[in-house]
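A.B. asks: Provided below are the primary sequence and the corresponding predicted coordinates.
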Amino acid sequence: MEYLRSYLFHAGFIPSVALALIFVALLRAVRNSMWRVALLALPGTIAHELAHFVVGLLLLARPRGFSVWPRAQGHTWRLGSVSFGNIGLLNGAFQDIKLGGRSLLLYAALGGFLWWAYTHT
């Protein structure tokens, strides 16, 4: 139990727990409406789809469409999408690998920001 005391007295522990609890409360409050969930997820959806778009540009896949408008697809919802006009062997290699392409750019940027924030505090 002694090892937990160091976490409890860390400067950012209590605000982090409070933020997590607020987010859980928000998710529970909006779970009966997919439109509310989509609105709550909008910032993350925009960042995710922009990462797809940017990597598509870098890999010369020619992004054609960009949408962050939620759409029902059967029993699921699609919160956003990016379509491409030039998917070939090289730039399409990461198409079915979740962390292989566009999302990797987003996670690398997030990791870089967190590293920078950690080393500059």
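C.D. replies: Thanks, I have the structure now. Numbering: from 1, shown residues only.

A.B. asks: just for the chain, where's the confidence low?
C.D. replies: 1, 3-4, 7, 90, 93-105 (pLDDT under 70).

A.B. asks: what ranges does it have for its strands?
C.D. replies: Ranges of strands in the chain, per DSSP state E, are 63-67, 71-73, 76-78, 81-84.

A.B. asks: how much distance is there from the second one to the middle of the chain?
C.D. replies: Think strand 71-73. 19 Å (CA atoms, centre = their mean, to the nearest Å).

A.B. asks: quick one: the strands of the chain as CSV, columns for distance to residue 47 and mean neighbour count too.
C.D. replies: All C-beta atoms are positioned from the backbone trio N, CA, C, and that covers glycine. Formatted as CSV, these follow (distance: least, CB to CB, whole Å; neighbours: other CB atoms under 10 Å):
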stretch, distance to residue 47, mean neighbour count
strand 63-67, 13, 13
strand 71-73, 19, 9
strand 76-78, 16, 12
strand 81-84, 12, 17
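
A.B. asks: elements contacting the longest helix along the chain?
C.D. replies: Criterion DSSP state H: the longest helix present in the chain is helix 34-58. Secondary-structure packing of helix 34-58 (3 or more CB pairs under 8 Å, 6 or more residues apart in numbering; DSSP states H and E): helix 13-30, strand 63-67, strand 81-84, helix 102-119.

A.B. asks: run the last query once more with 10 Å
C.D. replies: Other helices and strands packing on helix 34-58, by 3 or more CB pairs under 10 Å, 6 or more residues apart in numbering; DSSP states H and E, are helix 13-30, strand 63-67, strand 76-78, strand 81-84, helix 102-119.

A.B. asks: count of neighbours near residue 53?
C.D. replies: A total of 17 residues lie near residue 53 under the criterion other CB atoms under 10 Å.

A.B. asks: residue 120 too?
C.D. replies: 6.

A.B. asks: residue numbering should commence at 54 henceforth.
C.D. replies: All right, first residue 54 from here; so that's residue 173.

A.B. asks: what separation do you get for it and residue 167?
C.D. replies: Distance of residue 173 to residue 167, computed by CB to CB, to the nearest Å: 11 Å.
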